[in-house]
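Chemist: Prediction below, plus the sequence it came from.
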Amino acid sequence: MSARRDFISSADNDTSPSNSFAPSEISRSTFSKLLSCYPTTVREVYRGKLIVKSRPKVTKKARNATTGGSDDTGVRIDEEKMNRDIEAFLQLDEWRFEKLPRVLSERAKKEWMEDGRTVEKSKETEKTVSKKKLPGTFLEKEDLVNLMEWKLKHGTYRPTLVGMIKTNQGPLVRKTTADAITSIPTIDPSTSPDDAFPKESLEILMGPLRGVGTATASLILSVATSDPDSREKNEVPFYSDELYLWLCPDDYPSAGQEDNDDDGDPKKQLSKRKRRTNELKLKYNLREYQQLWNAVHALQTRLNRAAKPDSSDEDEKRIFSLTDIEKVAYVLGHIDVSGYFGKRDEPMLPDAFAQEQQHAAVEKNEREGKEEEEAGGDGDSKKRKRGNESAYAKKDQKSRKRE
């Protein structure tokens, strides 16, 4: 806990501008500038994914025939279709961050049944209503499917996870998500982060719902607590790769250092990352998530302590949310296309060899996704299986013991 106190106490010294991206040093002005780069970043990252996806798998023979590592595969990209796909994804991104949280807040104002009807429209008896009434707001099955679609398009795409999510029945999704959201502790994490940690809520989601692991469970809880008009004291962060990479392994790009170009004018130098995001060997378990939980709330506390409520400058008095921090982490994870340094690099178009590696990586992700799903969706699945035998078919008991 002393490290956390040191991390937060630096807020008192956050009066001088700092270009550092280090979580313990980043200033409010640098943070705000990075946050403003999110719309450009998310667009360009998804555009790059579509470009890679549009290119055919390159065989070894074709790779050897490629001269000088050219990336010209002769495939014409349908720019009009690509732009439509990008706009559709941006609408999905807006839905995840803005619309769905508001919908969940509105649902909380009414009483609902497991079948998706409001209590006032239900024809059930009073006794049945008391048994089947949901304890609070909830996600519909369609919400969960769309949330998984966003998660996979925004991060690493594992198509088999979508199929797993779709097997969950509507009433189960409503009941499970309602129970989990209601079980989120109401304790302020800035004062008692360990007591505020939503372990029970995460476990409720990961038990009966197929394809839901720690990361997806955290995403569900995040959208349920991030409505800006009715934000809970205990806002839950989404366990994204970029956020974990920035805050926990302390791995982030350099903010640049002053140097001179050929004309003698100052320019920014961007150093390489310590590791690439796809080289992380994350287990996506509760231990890792609690590590992220402590780090992200410490950063939020540090930044918001330095806010100036009486300032006429909106940026100076702004209170940053955990979704703001999530977006900044995403920008840092893709800083080369963010435009942060004044010039946005074009998405890297892979040459023949790189394309072959990219396709191999996609196939590897698909295989890992299947293995992950069969295990329950995350690194805690083995423990969850042993604690929830009734949720799985008996014919799988021997295989579970071997795991």
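Modeler: Great, that's in hand.
Chemist: buried residues in stretch 162-171?
Modeler: 162, 164-165, 168 (16 or more other Cβ atoms under 10 Å). For the C-beta atoms, the positions are set from N, CA and C on the backbone; glycine is no exception.
Chemist: quick check: mean pLDDT across it?
Modeler: For stretch 162-171, mean pLDDT rounds to 94.
Chemist: first vs last residue of that stretch, how far apart are they?
Modeler: 18 Å (Cα to Cα, to the nearest Å).
Chemist: For the spatially closest residue to D227 that is not a sequence neighbour, which residues are in contact?
Modeler: Leaving aside its sequence neighbours, D227 sits nearest to P101 (Cβ to Cβ, 6 or more residues apart in numbering; 3.9 Å). Applying Cβ atoms under 8 Å, 6 or more residues apart in numbering to P101 gives the contacts 223-224, 226-228.
Chemist: all strands for the stretch 151-300 of the chain, in order.
Modeler: 257-260, 266-269 (DSSP state E, counting those that start in this stretch).
Chemist: Could you identify which of those strands has the lowest mean pLDDT?
Modeler: strand 266-269 (a mean of 38).
Chemist: Secondary structure element for M82, which one?
Modeler: Here M82, judged by DSSP states H and E, is contained in helix 79-94.
Chemist: Isn't R102 up against D229?
Modeler: Yes: R102 is in contact with D229 according to Cβ atoms under 8 Å; the separation is 7.1 Å.
Chemist: still on that earlier bit, got the buried residues for the helix holding M82?
Modeler: 82, 85-86, 89, 92-93.
Chemist: Then stretch 101-118?
Modeler: Across stretch 101-118, burial judged by 16+ other Cβ under 10 Å covers 101, 103-105, 107-108, 112-114.
Chemist: Quote the end-to-end distance of that stretch.
Modeler: 19 Å.
Chemist: cool, stretch 195-204 as well?
Modeler: 17 Å.
Chemist: average model confidence for that stretch?
Modeler: Across stretch 195-204, the average pLDDT comes to 97.
Chemist: hang on, the earlier thing: and the helix holding M82, C-alpha only, in PDB?
Modeler: These are the backbone C-alpha positions of helix 79-94, laid out as PDB (Å, rounded to 0.1, in the frame of the first residue of the first chain):
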ATOM      1  CA  GLU A  79     -12.300   2.300 -50.000                       C
ATOM      2  CA  GLU A  80     -16.100   2.900 -50.000                       C
ATOM      3  CA  LYS A  81     -16.800  -0.300 -48.200                       C
ATOM      4  CA  MET A  82     -13.900   0.200 -45.900                       C
ATOM      5  CA  ASN A  83     -15.200   3.700 -44.900                       C
ATOM      6  CA  ARG A  84     -18.700   2.200 -44.300                       C
ATOM      7  CA  ASP A  85     -17.200  -0.500 -42.000                       C
ATOM      8  CA  ILE A  86     -15.200   2.100 -40.100                       C
ATOM      9  CA  GLU A  87     -18.200   4.300 -39.600                       C
ATOM     10  CA  ALA A  88     -20.200   1.300 -38.300                       C
ATOM     11  CA  PHE A  89     -17.400   0.500 -35.900                       C
ATOM     12  CA  LEU A  90     -17.200   4.100 -34.700                       C
ATOM     13  CA  GLN A  91     -21.000   3.900 -34.000                       C
ATOM     14  CA  LEU A  92     -20.400   0.700 -32.000                       C
ATOM     15  CA  ASP A  93     -17.600   2.500 -30.100                       C
ATOM     16  CA  GLU A  94     -19.900   5.400 -29.200                       C
END
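Chemist: Now do the helix or strand following that helix, average pLDDT.
Modeler: For helix 79-94, the following helix or strand on the C-terminal side (DSSP H and E) is helix 100-107. On average, the pLDDT along helix 100-107 is 93.
Chemist: can you check stretch 312-324 too?
Modeler: 90.
Chemist: which residues touch that stretch?
Modeler: Residues outside stretch 312-324 that contact it (Cβ under 8 Å, 6+ apart): 28-29, 31-32, 35, 97, 222, 226, 228, 231, 235-238, 296-297, 300, 303-304, 307-311.
Chemist: returning to what we had before: export the buried residues of helix 79-94 as a markdown table, with columns for distance to D195 and pLDDT.
Modeler: Below are those laid out as a markdown table (distance: Cβ to Cβ, whole Å; pLDDT from 0 to 100):
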| residue | distance to D195 | pLDDT |
| --- | --- | --- |
| M82 | 48 | 93 |
| D85 | 44 | 96 |
| I86 | 42 | 97 |
| F89 | 38 | 97 |
| L92 | 35 | 98 |
| D93 | 33 | 98 |
